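Undergrad: Give the three-dimensional model of this entry:
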Amino acid sequence: MLLIAFMVIIGAVIGGLTNSLAIKMLFRPYKEVRIRSWRVPFTPGLIPKRHDELAKQLGKMVVDYLLTAEGLGKKLKSKAFSSGMISWLQVEAQKIMRSNESIKTVFEQRFGGTDLKDRLLNKTEVIVKQGYSQFIQQNRNESLEKLIPSSLQNKMEEQLPTVTNYILERGQSFLQSPEGKERLSVMIDRFLIQKGTLGNMISMFLGNERLVDKVQPELLKFLKDEGTQALLEQLLRQEWLKVKQKKLEDVEGFLNEKEIVSFITRTIETQVPLFSMIEQPMNEWTGAYEEYVETTIIPKGVEVILDMLSTHLETLLERFHLDDIVREQVQTFSVERLEELVLSISKREFKMITYLGAVLGGLIGFIQGFIILLLG
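TA: The predicted structure follows:
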């Protein structure tokens, strides 16, 4: 019996030590050991020796079996994931929309004091200038009639009678004013001087003031006459038709690009609410949009984004080159780090393997001792 017990103990010790040594030889020694030019067998350990291959295989395993497009797609399409994403975005949106800070302040804090409004205005001016130049270049040989919207043309033609009345009324008002009468007197005097002797004779016989008194009422009658109104309106229509037939290049010289671009930019600044909103605290103007953002924009946006990601997920994963990322990361790990990582996961299992080796060694020792007793 002592022999059998001795054989069991020896077998258990040998089996346990052998398995423990085999486990340690997975990682150690970390580097190969050489005696002069002769490399000691089994150095370095298995994992240090196959470090690069292990990294490559881990990367392939992650892409082929762990982070697959199919698996990630199912996760993205799951109701739990989309609901969680929507809830998170709603909370974040509430924080932003109920903030006392303005968009301008937040932008300047994030991007180093850059004035957001100035940047937007500069960008708007650049876009307007590019659009203006492109419009002129593409339509230089087109007539104004084709370029001006028909609704605007109709509007302008409808306003011609009003413009005619305005011109005549202003003319009458000017003639009836002291300044107008004075100007008319100067014009008559100048006219008579240009006529030489005949003009002097008329001035001698009638007198300048008397001639003004006679001409002024007649001019007022002329301006009030319906025929004058019809004639002026007809002349305006004819001129308007001539203007419409002109090509853009004909009037291009009268257009000041800088002034037009500046006018359009200022109009956008005053008419587009965004430019005033960016300087106001967000809680002052986001209240009207908060419910719509939370109940409509965020759910729809999440749905669209997740559908797009699911559709193109395989292509995205290919472009990410996850296998290369995993391989490069694993290659940067030291062998000590890999050993620590593996042991932290499988330490208990490795102990069980050691114990199993001891049990098997003891069992083999028992069988050997029993056989020796039988033969003895």
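Undergrad: Could you pull out the helices in the stretch 1-150 of the chain for me?
TA: Using DSSP state H, counting those that start in this stretch, the helices of the stretch 1-150 of the chain run over residues 2-24, 46-49, 51-61, 69-77, 79-97, 103-110, 116-139, 144-147, 150-158.
Undergrad: any residues touching the third one, and which ones?
TA: Contacts with helix 51-61, where a contact means Cβ atoms under 8 Å, 6 or more residues apart in numbering, come from 47, 322-331, 335, 338. In this view, the C-beta of every residue, glycine as well, is placed from N, C-alpha and C.
Undergrad: what about that helix, average pLDDT?
TA: Summarised as a single mean, pLDDT over helix 51-61 is 80.
Undergrad: for that helix, which positions count as buried?
TA: Buried residues in helix 51-61, defined by neighbour count with 16 or more other Cβ atoms under 10 Å: 51, 54-56, 58-59.
Undergrad: Averaged over its residues, which helix or strand of the protein has the lowest pLDDT?
TA: The weakest-scoring helix or strand in the chain, judged by mean pLDDT, DSSP states H and E, is helix 197-206 (a mean of 52).
Undergrad: packing partners for the helix or strand that it is followed by?
TA: Sequence-wise, the next helix or strand downstream of helix 197-206 (DSSP states H and E) is helix 208-224. Judged by 3 or more Cβ pairs under 8 Å, 6 or more residues apart in numbering; DSSP states H and E, helix 208-224 is in contact with helix 160-176, helix 178-194, helix 197-206.
Undergrad: Quick one: distance of helix 208-224 to the chain centre.
TA: Taking the mean of its C-alpha atoms, helix 208-224 sits 69 Å from the chain's own mean (Cα atoms, centre = their mean, to the nearest Å).
Undergrad: Where does the nearest residue to Asn19 once chain neighbours are set aside sit: helix, strand or coil?
TA: Distance criterion Cβ to Cβ, 6 or more residues apart in numbering; nearest residue to Asn19, sequence neighbours excluded, is Gly357 at 3.1 Å. Following DSSP: H, G, I helix; E, B strand; the rest coil, the label given to Gly357 is helix.
Undergrad: you'd agree Gly357 is up against Thr18?
TA: Yes. Contact criterion Cβ atoms under 8 Å: Gly357 and Thr18 qualify, at 5.8 Å.
Undergrad: higher neighbour count, the two?
TA: Legend: neighbour count by other Cβ atoms under 10 Å for Gly357 and Thr18, higher for Gly357 (23 against 15).
Undergrad: Check which residues of stretch 120-138 are buried.
TA: 120-121, 124-125, 128-129.
Undergrad: let me fix that: stretch 346-361
TA: Neighbour-count burial for stretch 346-361, with 16+ other Cβ under 10 Å as criterion, is recorded at 350, 353-354, 357-358, 360-361.
Undergrad: In helices, which of those residues fall?
TA: Counting by DSSP state H, those place 350, 353-354, 357-358, 360-361 in helices.
Undergrad: Tell me the one of these nearest Leu255?
TA: Closest to Leu255 out of those is Phe350 (84.5 Å), distances taken as Cβ to Cβ.
Undergrad: which ones are touching that closest one?
TA: Counting by Cβ under 8 Å, 6+ apart, Phe350 makes contact with 23, 343.
Undergrad: what about it, distance to Leu21?
TA: From Phe350 over to Leu21 the distance is 12 Å, taken as Cβ to Cβ, to the nearest Å.
Undergrad: same deal with Leu3?
TA: 27 Å.
Undergrad: Same question for Arg28.
TA: According to Cβ to Cβ, Arg28 and Leu21 sit 10 Å apart.
Undergrad: These two - which one has more neighbours?
TA: A count of neighbours by other Cβ under 10 Å puts Arg28 above the other of Arg28 and Leu21, at 19 against 12.
Undergrad: Distance from the chain centre to stretch 160-172, please.
TA: Remark: stretch 160-172 is offset 52 Å from the chain centroid, using Cα atoms, centre = their mean.
Undergrad: nope, stretch 269-289 is what I was after
TA: 19 Å.
Undergrad: Stretch 172-188 now?
TA: Distance of stretch 172-188 from the chain centroid (Cα atoms, centre = their mean) equals 63 Å.
Undergrad: Okay, buried residues for stretch 283-294 please.
TA: Of the residues in stretch 283-294, those buried (16+ other Cβ under 10 Å) are 285-286, 293-294.
Undergrad: Those residues in helices, which ones?
TA: Going by DSSP H, the helices hold Trp285 from the buried residues of stretch 283-294.
Undergrad: Can you show me the helices along the stretch 201-350 of the chain?
TA: Under the criterion DSSP H, counting those that start in this stretch, the stretch 201-350 of the chain contains helices at 208-224, 226-245, 248-251, 257-271, 274-277, 282-285, 287-292, 298-311, 313-320, 322-332, 335-375.
Undergrad: Ok, which of those helices comes nearest Val33?
TA: Relative to Val33, the nearest member of those by Cβ to Cβ is helix 335-375, separated by 14.2 Å.
Undergrad: quick one: the closest one to helix 322-332, angle?
TA: Angle, helix 335-375 to helix 322-332, by axes from the mean of the first three to the mean of the last three Cα atoms, to 10 degrees: 80 degrees.
Undergrad: what mean pLDDT would you report for helix 335-375?
TA: 80.
Undergrad: What of stretch 284-293?
TA: 88.
Undergrad: Alpha carbons of that stretch, as CSV, please.
TA: Output of stretch 284-293 as CSV, limited to C-alpha atoms (Å, rounded to 0.1, in the frame of the first residue of the first chain):
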residue,chain,number,x,y,z
GLU,A,284,-36.0,82.4,-25.6
TRP,A,285,-36.7,81.1,-29.1
THR,A,286,-36.5,77.3,-29.0
GLY,A,287,-39.8,76.9,-27.0
ALA,A,288,-41.9,77.0,-30.1
TYR,A,289,-39.7,74.2,-31.7
GLU,A,290,-39.0,72.0,-28.7
GLU,A,291,-42.0,69.7,-29.0
TYR,A,292,-41.6,69.4,-32.8
VAL,A,293,-37.9,68.5,-32.4
